[in-house]
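# For reference, the sequence and a predicted model appear below.
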Amino acid sequence: MKFALALIAFVLVALVVPFLLPNNARQQGVNPESNLPWQIALDGRGGSEVFGLKPGVSTLADVKQHLGSELEVAIIAEPNEAGMLEAYYAQVPLGFVLARVIVSVDASREAVLAMRERALKSQHMESTTRKITLHPDDLLVADQMPIRAIAVIPTVNLDEATLVQRFGAPDERIVVSEKRVHLLYSKQGLDILVDGEGKELLQYVAPRDFSRLREPLVAAQSDKTASQ
């Protein structure tokens, strides 16, 4: 699976109630005003913190401590690729936001290949993509590895105006199609994919690593222009 993740769709909400968390989640001790997607702290040295986590610094164990231990860890791989080590929450509260969360773990290709050799099983996800379940010993190793990126898919669908109201004006706007546009916030290390026919995707990296998100988008735009 590539660094920029592509995922699916939910329901539009009113501008005044942007990522609404159901009342039952509010009753479970969730602070609705902290840990929100737009609360990004910068350290002035190219690093950032969001959801209590620092991309490029925090480990997978830190993720479990801040967001909960109920996450699935696996290698996600396309054919003829080593794959990426990822951790997945089907649903987690982020302040009053309810979202799916995918964390990319910063594991080397050699480490991933070694884990694949010891893996317990492999299964197809969609098309030819495979999910490879780790050996328990490798799960313990993965806990100590730093995270590279955090991807968030809110359980409500939002338009661009709502997102700009919450996050501010983007540094750059890259149009993919009539229905899809990327809002780039380089200083925060954030890329928001706004999808008029699907769900929004927020990707966080350390600001010093923002080129990992931006360069594939710029390259795709250049290829598209060249082919027209």
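Arrived safely, thanks for sending. Numbering: from 1, shown residues only.
# how about stretch 161-180: buried residues?
Using 16 or more other Cβ atoms under 10 Å as the test for burial, stretch 161-180 gives 162-163, 167, 170, 174. Using the backbone N, CA and C atoms, a C-beta is placed for each residue, glycine as well.
# for those residues, which one is nearest Met84?
Ile174 (22.8 Å; Cβ to Cβ).
# A strand includes the closest one, no?
Yes. Ile174: assigned to a strand according to DSSP: H, G, I helix; E, B strand; the rest coil.
# Quick check: which element contains the residue nearest the centre of the chain?
What sits nearest the mean C-alpha location of the chain, by Cα atoms, centre = their mean, is Ala151, with 0.7 Å. Using DSSP states H and E, Ala151 falls within strand 147-154.
# longest helix in this protein, by residue count?
helix 211-227 (DSSP state H).
# Give the other helices and strands that it contacts.
strand 172-175, strand 180-185, strand 190-195 (3 or more Cβ pairs under 8 Å, 6 or more residues apart in numbering; DSSP states H and E).
# Hmm, Pro37 and Leu94 touching each other?
Yes. The pair Leu94 / Pro37 is scored as a contact, 6.1 Å apart, by Cβ atoms under 8 Å.
# Contacts for the strand or helix carrying Met115, please.
Assessed by DSSP H and E, Met115 sits inside helix 109-118. For helix 109-118, the external contacting residues (Cβ atoms under 8 Å, 6 or more residues apart in numbering) are 75, 77, 82-85, 107, 132, 134-135, 137-138, 141-142, 145.
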